[in-house]
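Asks: need a 3D model of the sequence below.
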Amino acid sequence: MKMYPDEQNRRSIAGKVANTILISMAAISVLYSSLVAFSLPLAPHEMESVENAIRILETRGFDREVFLLRHMAIFRDSDNWLNGSIPKEASYAATNFPVQIITLYPDFYTKAQDDTERAMILLHEARHLQGDSESDAYAFVWKNREQLGWTQLSHGTTPTYVTIHDQTRENAPELFTCTTRVWNDCTESLNAQR
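Replies: Presented below is the predicted three-dimensional model:
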């Protein structure tokens with residue numbers, strides 16, 4: 001059977017696309033396997049804390065994030081080789097996108113006051129699972145903190161709330177430009193008393 005040049009060209013391009021896709025999938029599989037192999041899984045009591053936090057997100061209506069955390073993410077207890085190579089300040093968690101690995105650090109269990117604060121941390125990481133930038137993840141959590149039940153009135157004096165407030169101001173300063181609101185926070189429902 002004789003092929004015409006256009007038909008040969010199409011088959012050649014289709015073959016190259018298929019090869020590129022297969023090579024990319026293999027590379028991601030190797031990356032994922034190495035990240036999982038060089039980190040430790042969560043202990044049962046740590047996984048219980050994660051499940052409690054995810055249940056809070058579920059009851060508060062964060063369905064997409066709950067789906068990702070339950071079905072797409074793998075949780076680890078120690079840094080993999082990639083996270084270990086990046087200098088960082090004290091953190092609650094880190095997410096490796098697009099391989100959907102979330103590493104939980106000791107502050108997730110000890111500095112966070114309760115399961116609601118741990119839910120807030122996982123909500124932030126779930127946004128990274130979707131490809132959000134650091135700025136976008138901070139802004140999303142801050143805008144939705146009332147829905148989560150993590151507010152100035154309920155948690156405003158906890159070390160985690162203070163830390164995340166400061167980091168949100170740094171990463172999403174556009175949320176803090178409303179002079180008629182408490183602390184210029186455009187998302188705060190309390191009005192400033194003047």
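Asks: the residue positioned nearest the centre of the chain in helix, strand or coil?
Replies: In the chain, the residue lying closest to the centroid (C-alpha atoms, centre = their mean) is residue 125, at 1.5 Å. Classification of residue 125 by DSSP: H, G, I helix; E, B strand; the rest coil places it in helix.
Asks: distance check, it against residue 78.
Replies: 16 Å (C-beta to C-beta, to the nearest Å). No exception for glycine: its C-beta is placed from N, CA and C like everyone else's.
Asks: circling back: state the distance from the residue nearest to the centre of the chain to residue 97.
Replies: 10 Å.
Asks: go on, residue 66?
Replies: Here residue 66 is placed at a distance of 18 Å from residue 97 (C-beta to C-beta).
Asks: what's the answer for residue 105, then?
Replies: Between residue 105 and residue 97 the distance is 17 Å, computed by C-beta to C-beta.
Asks: burial count for residue 117?
Replies: Around residue 117 there are 24 other residues, counting by other C-beta atoms under 10 Å.
Asks: what's the spacing between residue 143 and residue 185?
Replies: Using C-beta to C-beta, residue 143 is found at 10 Å from residue 185.
Asks: so after the helix or strand of the chain with the lowest mean pLDDT, what's the next helix or strand?
Replies: Within the chain, no helix or strand scores below helix 81-84, which has a mean of 61 by mean pLDDT, DSSP states H and E. Later in the chain than helix 81-84, the nearest helix or strand by DSSP states H and E is strand 93-96.
Asks: just to revisit the earlier point, so between residue 66 and residue 97, which is more surrounded?
Replies: residue 66 (21 against 13).
Asks: tell me which stretches of the protein form helices.
Replies: In the chain, the helices defined using DSSP state H lie at 5-37, 44-59, 63-67, 81-84, 106-110, 115-129, 134-143, 145-148, 152-155, 159-171.
Asks: okay if I get those as JSON lines plus distance to residue 177?
Replies: Below are the helices of the chain laid out as JSON lines (distance: least, C-beta to C-beta, whole Å):
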{"stretch": "helix 5-37", "distance to residue 177": "39"}
{"stretch": "helix 44-59", "distance to residue 177": "28"}
{"stretch": "helix 63-67", "distance to residue 177": "27"}
{"stretch": "helix 81-84", "distance to residue 177": "34"}
{"stretch": "helix 106-110", "distance to residue 177": "29"}
{"stretch": "helix 115-129", "distance to residue 177": "22"}
{"stretch": "helix 134-143", "distance to residue 177": "13"}
{"stretch": "helix 145-148", "distance to residue 177": "18"}
{"stretch": "helix 152-155", "distance to residue 177": "18"}
{"stretch": "helix 159-171", "distance to residue 177": "11"}
